[in-house]
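Participant: sequence and predicted structure are below.
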Amino acid sequence: MIFVQLWCTEEKGPVFVTMFNPLSTILVAVLAYFIVGEKLYMGSIVGGVIVIVGLYLLSWGKEGDQEAKIKSEEESNTVHDEGVLEA
């Protein structure tokens, strides 16, 4: 799990590491249910799903922001390069 987090930080940045926190929460809840015999309540499950969906939506939006930023930088470099060629 740590290897995946380090790889994700290197490739996409620290925001995307938050995607793996909900997976850890799910893993702990499942292990607690089967190993320790802890009860799972519907409110806990629904709340966990809401938090997980929110974190994935955040990372999806952040990825879109990064793509738009890269695209605008490429366009500004192209315009700058054309201006240099004309002069």
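Facilitator: Structure's in. What do you need? Numbers count the residues shown, from 1 in each chain.
Participant: low-confidence ranges in this protein?
Facilitator: Counting by pLDDT under 70, the ranges of the chain that qualify are 1-2, 5, 13-21, 77-87.
Participant: how far away from the center of its chain is the top helix by length along it?
Facilitator: For the chain, the helix that runs over the most residues, judged by DSSP state H, is helix 42-86. Relative to its parent chain, helix 42-86 has a centroid offset of 10 Å by Cα atoms, centre = their mean, to the nearest Å.
Participant: run through the neighbouring helices and strands of it.
Facilitator: helix 20-31 (3 or more Cβ pairs under 8 Å, 6 or more residues apart in numbering; DSSP states H and E). C-beta here means a position set from N, CA and C on the backbone, and glycine is covered the same way.
Participant: name the helices or strands packed onto the helix it packs on?
Facilitator: helix 2-12, helix 42-86.
Participant: mind putting those into JSON lines with mean neighbour count and distance to Thr25?
Facilitator: Below are these laid out as JSON lines (neighbours: other Cβ atoms under 10 Å; distance: least, Cβ to Cβ, whole Å):
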{"stretch": "helix 2-12", "mean neighbour count": "12", "distance to Thr25": "14"}
{"stretch": "helix 42-86", "mean neighbour count": "11", "distance to Thr25": "6"}
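Participant: turn these into JSON lines, columns for distance to Pro22.
Facilitator: Output for the helices and strands packed on helix 20-31, formatted as JSON lines (distance: least, Cβ to Cβ, whole Å):
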{"stretch": "helix 2-12", "distance to Pro22": "13"}
{"stretch": "helix 42-86", "distance to Pro22": "4"}
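Participant: tell me what angle the longest helix of the chain forms with helix 2-12.
Facilitator: Helix 42-86 and helix 2-12 are oriented at 30 degrees to each other (axes from the mean of the first three to the mean of the last three Cα atoms, to 10 degrees).
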